[in-house]
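Trainee: Structure for this input, please:
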Amino acid sequence: MSGLGNFVKRLRDIMRNDAGINGDAQRIEQIAWLLFLKVYDTKEDDWEFDDDGYESIIPEECRWRNWAADDGKGTALTGDDLLDFVNNTLFPTLKGIKVSKTTPINKAIVRTTFEDTNNYMKDGVLLRQVVNVIDGLDLTNYEESHAFGEIYESILKELQSAGSAGEFYTPRAVTDFMAQMIKPKIGEKMADFACGTGGFIISWLKALESQKKTVEDRQAFDTSVYGIEKKQFPYMLCVTNLLLHDIDTPRIYHDNSLLKDVLDYTEKDQFDVILMNPPYGGNEKTEVKNHFPADLASSETADLFMSVIMYRLKQNGRAAVILPDGFLFGTDNAKVAIKKKLLSEFDLHTVIRMPHSVFAPYTSITTNILFFDRTGETKETWFYRLDMPDGYKNFSKTKPMKLEHFAPAVEWWNDRKDLTSDGFDKARKYSLQDRVEQNTELKGRKIEESRKNKRKSK
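Mentor: Take a look at the predicted model:
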């Protein structure tokens, strides 16, 4: 455990001197692929122990144990030799690994992890120092491995302030709250179709952990999650995250969830639970919209993901999805059609309006958590406004949102009633008759207006 606490700082201090590292995003990506290989090598020790016939998909000279480990005898690669090996042998080999539909997931992930990954470091001596720090992790030690899981979480948090990479990280307090409210059960299958670094998946597993009683439960636990991530970097972080959490067969796929006709999905493509924070603010090309019925073919990414979610949620399934105001209150034809489908075929029973700055500094857009079940049309919807906690003007990197900040929402969830704050709505139930007939606008706007008025009055 010695030195584990300042692990990230040690790596940062070394990499700061390398001319090839340009900013936090590149530094984190450099750490990420090295960590993947270290974690994967540790997992391979376990797989070899359990299976005498196990064969690594990585050629021997490219396995972490054979090029990265330093025995202290002065034979480890360093300097130009190390750079030459990494750039001209390691990366071409891993990118060129042959995989097929029959390749086990725990082997195929090596190829998909390295397809678009880069080595940014240009100083082989500094690279050796970084490799040695990472190789010093004893992931076979349960306590150290568990502690490193927390450190890995801190690496993911840094994404929030690392430029555009922040779009792939949802604060852990938010994912934990959503997973807890969805109440996981052993045997259920959960999915996230834009899983980023795996936050919702890890929160699901944490909420399910206490239900592992038998060998069958453990098997159900291990195979309960499914994720798709379009971009290479967060995909790599997600796979590593799951390996660190002892999911030996991460069912995480490097793909685009919007590139399949939603009408082609069948029951076998559906899930008991969907937890998501879909990308929003992006505009999709016509070729993407062609995969959706004409009335649902929005150009807004979040809208399209909502359609995917509705088509891939099982009958009697449950979902919790983060969406911006643009979805709730937008009145263009596609948004109206998507909301009409949601309200007529699903029970949108709860909307939690989150405080501003939850996703700062990546975005200041006001967001909402929609909880809905596939159990028939919406008869009534509860809106609850979660306010900033006392002593906070904004959330930030140094003062992030914590799970305890959701305590008022949890208390209200278990004992629902209309609430007012300073004369304005804080929680309110809207019936079917309250919805606007023509465009199915969700009337939580009144709650937002009350909050704005409250601010103006101060």
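
Trainee: Hmm, Arg12 is touching Gly23, no?
Mentor: No. Between Arg12 and Gly23 there is no contact under Cβ atoms under 8 Å: 11.8 Å. (Each C-beta comes from the backbone N, C-alpha and C, glycine too.)

Trainee: between those two, who's got more neighbours?
Mentor: More neighbours surround Arg12 than the other of Arg12 and Gly23, with 16 against 10 (other Cβ atoms under 10 Å).

Trainee: could you say what helices and strands the longest helix anywhere in the chain packs with?
Mentor: When the chain is parsed with DSSP state H, its longest helix is helix 24-50. Secondary-structure packing of helix 24-50 (3 or more Cβ pairs under 8 Å, 6 or more residues apart in numbering; DSSP states H and E): helix 7-15, helix 64-67, helix 105-114, helix 124-135, helix 142-157, helix 232-244.

Trainee: closest one to Thr398 among these?
Mentor: helix 142-157 (11.0 Å; Cβ to Cβ).

Trainee: Off-centre distance for the next helix-or-strand element following that closest one?
Mentor: Next helix or strand after helix 142-157 toward the C-terminus (DSSP states H and E): helix 172-182. Relative to its chain's centre, helix 172-182 lies at 12 Å (Cα atoms, centre = their mean, to the nearest Å).

Trainee: what does the helix or strand following helix 172-182 rub up against?
Mentor: Note on helix 172-182: by DSSP H and E, the next helix or strand toward the C-terminus is strand 190-192. Applying Cβ atoms under 8 Å, 6 or more residues apart in numbering, the external contacts of strand 190-192 come out as 184, 200-201, 204, 224-228, 271-276, 312.

Trainee: now, among these, which is nearest to Tyr392?
Mentor: Nearest member of the contacts of strand 190-192 to Tyr392, counting by Cβ to Cβ, is Phe200, at 24.2 Å.

Trainee: Name the nearest residue to the closest one, sequence neighbours excluded.
Mentor: Excluding the flanking residues, the one nearest Phe200 by Cβ to Cβ, 6 or more residues apart in numbering is Leu275, at 4.1 Å.

Trainee: now the one you found, what's its secondary structure?
Mentor: Three-state assignment for Leu275 (DSSP: H, G, I helix; E, B strand; the rest coil): strand.

Trainee: What is the burial count for it?
Mentor: Here the number of neighbours of Leu275 (other Cβ under 10 Å) works out to 27.

Trainee: same thing with Pro324?
Mentor: Around Pro324 there are 19 residues (other Cβ under 10 Å).

Trainee: Surely it and Glu300 touch.
Mentor: No. Applying Cβ under 8 Å, one finds Pro324 not in contact with Glu300, separated by 9.4 Å.

Trainee: which neighbours do the two share?
Mentor: By Cβ under 8 Å, 6+ apart, the residues touching both Pro324 and Glu300 are 280-281.

Trainee: circling back to that earlier point, quickly list what's touching both of Arg12 and Gly23.
Mentor: By Cβ under 8 Å, 6+ apart, Arg12 and Gly23 have no common neighbours.

Trainee: if I read this right, the residue nearest to Phe200 contacts Met181, doesn't it?
Mentor: No. If you go by Cβ under 8 Å, Leu275 and Met181 don't touch, sitting 10.0 Å apart.

Trainee: what's the overlap in contacts for those two?
Mentor: Contact criterion Cβ under 8 Å, 6+ apart; residues shared by Leu275 and Met181: Ala320.

Trainee: so which strand or helix has the residue lying closest to Ile252 once chain neighbours are set aside?
Mentor: What sits nearest to Ile252 in space, not counting adjacent residues and going by Cβ to Cβ, 6+ apart, is Gly227, at 4.4 Å. Gly227 is part of strand 225-229, with elements assigned from DSSP H and E.

Trainee: Just give me how far that strand sits from the chain centre.
Mentor: Worked out by Cα atoms, centre = their mean, strand 225-229 lies 9 Å from the chain centre.

Trainee: Packing partners of it?
Mentor: When contacts are defined as 3+ Cβ pairs under 8 Å, 6+ apart, strand 225-229 packs onto strand 190-192, helix 199-208, helix 232-244, strand 252-254.

Trainee: of all these, which lies closest to Asp50?
Mentor: Nearest to Asp50, of all the helices and strands packed on strand 225-229, is helix 232-244, at 15.0 Å by Cβ to Cβ.

Trainee: other SSEs contacting the closest one?
Mentor: Using 3+ Cβ pairs under 8 Å, 6+ apart as the contact test, the elements touching helix 232-244 are helix 24-50, helix 105-114, helix 142-157, helix 199-208, strand 225-229, strand 252-254.

Trainee: give me that answer again for 7 Å
Mentor: Packed against helix 232-244 by the contact rule (3 or more Cβ pairs under 7 Å, 6 or more residues apart in numbering; DSSP states H and E) you find helix 24-50, helix 105-114, helix 142-157, strand 225-229, strand 252-254.

Trainee: Looking at the ones you listed, which one is packed in the most?
Mentor: strand 225-229 (a mean of 24; mean count of other Cβ atoms under 10 Å).

Trainee: average pLDDT across that one?
Mentor: For strand 225-229, the mean per-residue pLDDT is 96.

Trainee: So which residues make contact with that strand?
Mentor: Strand 225-229 has contacts (Cβ atoms under 7 Å, 6 or more residues apart in numbering) with 189-196, 198, 201, 204-205, 235, 238, 251-255, 257, 271.

Trainee: And the longest strand along the chain, what's buried?
Mentor: Longest strand in the chain by number of residues (criterion: DSSP state E): strand 313-324. Buried residues in strand 313-324, counted by 16 or more other Cβ atoms under 10 Å: 313-314, 317-324.

Trainee: likewise stretch 342-357?
Mentor: Judged by neighbour count using 16+ other Cβ under 10 Å, the buried positions of stretch 342-357 are 342-343, 346-357.

Trainee: Secondary structure and pLDDT for the residues you listed - can I get that in TSV?
Mentor: Below are the buried residues of stretch 342-357 laid out as TSV (DSSP: H, G, I helix; E, B strand; the rest coil; pLDDT from 0 to 100):
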residue	secondary structure	pLDDT
Leu342	helix	96
Leu343	helix	95
Phe346	coil	97
Asp347	strand	97
Leu348	strand	97
His349	strand	97
Thr350	strand	97
Val351	strand	96
Ile352	strand	96
Arg353	strand	95
Met354	coil	93
Pro355	coil	91
His356	coil	86
Ser357	coil	83
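
Trainee: Now the two most distant members of these.
Mentor: Asp347 and Ser357 (30.5 Å).

Trainee: In the stretch 101-250 of the chain, where is pLDDT below threshold?
Mentor: Applying pLDDT under 70 to the stretch 101-250 of the chain flags residues 159-168.

Trainee: swap that for the stretch 251-400 of the chain, please
Mentor: For the stretch 251-400 of the chain, residues meeting the criterion pLDDT under 70 lie at 361-362.

Trainee: All set now, cheers.
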